[in-house]
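A.B. asks: quick check, what structure comes out for this input:
(chains A, B and C)
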Amino acid sequence: MKSEPDDVSIDDALAAPGQTVAWIGVRNYQARNFMRDAMRMGDGLLFYHSSCAEPGIAGLAEVASAPYPDDTQFDPASKYFDPKATRENPRWMLVDVRATKKTRLLTLPELRANPALADMQVLRRGNRLSITPVTPDEWRCIIGQLG
DNA sequence: GCCAACGTTGGC
DNA sequence: GCCAACGTTGGC
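C.D. replies: Now for the predicted structure:
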């Protein structure tokens, strides 16, 4: 899961109550569907810093809730407000994310240099999704690099 | 700031 | 349903 560290960094997440943050602001259907349909409590997450000087994997986290509506979609004062969403028919769902560990920064160039990660979805050319699945092999490889 | 890539919007 | 225009993402 990508986060801009100027917005929410791994340190911010670890400093939050219960080391947990609601993953607000996702406004892409595919990314929403991963949270709404594919994630389960306790699933492992890679916490990726994007749109920053040194993009890369900065920590580990886990899914900490079932999916529920993103409240910011209903708030006209929020930059994530969606006028087409209603309480009765919410459009945007999220999960809570519990940060478990800050790791060394596994940088984007390092990820790209690893043949075992060549097909990783987040690294694919043109990928703009802020949430992408990780295969078990990719997960093991990355945990190994961080260990 | 640039720009490739691609998702969304809206007219038809 | 098509598709051009536009907006956003995100690395560089």
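A.B. asks: drop to CA atoms for contacts and neighbour counts, all remaining ones
C.D. replies: Will do.
A.B. asks: for chain A, just list every one of the strands.
C.D. replies: A:2-3, A:20-22, A:44-49, A:56-63, A:68-69, A:93-94, A:96-107 (DSSP state E).
A.B. asks: dump these into TSV; add distance to DNA strand C and mean neighbour count as well.
C.D. replies: Output for the strands of chain A, formatted as TSV (distance: least, CA to the nearest atom of the strand, whole Å; neighbours: other CA atoms under 10 Å):
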stretch	distance to DNA strand C	mean neighbour count
strand A:2-3	6	20
strand A:20-22	17	19
strand A:44-49	7	23
strand A:56-63	7	22
strand A:68-69	18	16
strand A:93-94	15	24
strand A:96-107	9	19
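A.B. asks: between those, which one is closest to DNA strand B.
C.D. replies: Of all the strands of chain A, strand A:93-94 sits nearest to DNA strand B, with 13.7 Å by CA to the nearest atom of the strand.
A.B. asks: follow-up on the earlier one: take the strands of chain A and lay them out in a markdown table including distance to A:Asp37 and mean pLDDT.
C.D. replies: Shown next, in a markdown table, are the strands of chain A (distance: least, CA to CA, whole Å; pLDDT from 0 to 100):
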| stretch | distance to A:Asp37 | mean pLDDT |
| --- | --- | --- |
| strand A:2-3 | 18 | 98 |
| strand A:20-22 | 17 | 98 |
| strand A:44-49 | 15 | 98 |
| strand A:56-63 | 13 | 98 |
| strand A:68-69 | 11 | 97 |
| strand A:93-94 | 10 | 96 |
| strand A:96-107 | 14 | 97 |
